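> Pasting the sequence and the predicted coordinates here, then a few questions.
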Amino acid sequence: MFKNLFGKKNDADKELKITSPLNGKYVKLEDIPDPVFAEKMMGEGFGVEPTDGEVVAPVSGTIMQVFPTNHAIGIKTDNDIELLIHIGLETVAMEGKGFEGHVSEGDKVEQGDKLVTFDMDLVKSEANSTISPVIITNSDTLESFNIEEVSSLNRADTVVAIASVK
């Protein structure tokens, strides 16, 4: 009786649609030229080969971490999925040069809110790759993770993956 009165988490709360945080081309996780990501050491996910330097929130949630160099951001969703957006590969070595953050830890964001802008040409010339992994760092909490059939990605519009929590 009280379950109905106070409500119960429904299946919609368990499912999360993850949109692309960048404009660009879909890259299969296993094809990212970095074994930490390609071998899923950090978790399930996908990559984006960006065509410009604007990163938006692929999900709604709370900013859990903004790396001091602004090259990576962590978001925690309301259903406790932890998502990492890592701009480029080996970009931490750039020490923040060319990256500008637009959010802070603790900020609430909606899907599509601007997170980071970066100098695409600088990343192309100084980093190992512009391919940007999007990773669920607590993949052990997932019941399922499915990649949609996509190739060309529009930030905040193209649903790339659907994750369900246990």
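Cool, got the structure. Only a predicted model underlies this, so the values are computations on that prediction, with no experimental measurement involved.
> alpha carbons only for contacts and neighbour counts from here, please
Noted.
> Pull the residues that contact the longest helix along the chain.
Ranked by number of residues, the top helix in the chain under DSSP state H is helix 120-126. With C-alpha atoms under 8 Å, 6 or more residues apart in numbering as the test, helix 120-126 has contacts from 52-53, 88, 91, 94, 98, 129-130.
> Likewise for stretch 79-90?
Here stretch 79-90 has contacts from 13-14, 21, 34, 71-77, 123, 127-139, 141, 165, using C-alpha under 8 Å, 6+ apart.
> Tell me the secondary structure at D80.
Following DSSP: H, G, I helix; E, B strand; the rest coil, the label given to D80 is coil.
> So what's the residue count around it?
By the criterion of other C-alpha atoms under 10 Å, D80 has 14 neighbours.
> Any of the contacts of helix 120-126 buried? List them.
Buried by 16 or more other C-alpha atoms under 10 Å: 53, 88, 91, 98, 129-130, out of the contacts of helix 120-126.
> from memory N70 sits against K97, does it?
No: using C-alpha atoms under 8 Å, N70 is not in contact with K97, being 9.1 Å away.
> Of these two, which one has the most company?
Counted by other C-alpha under 10 Å, N70 and K97 do not tie: N70 has more neighbours, with 25 against 17.
> Quick one, grab the pLDDT at the more buried one.
In this prediction, N70 carries a pLDDT score of 97.
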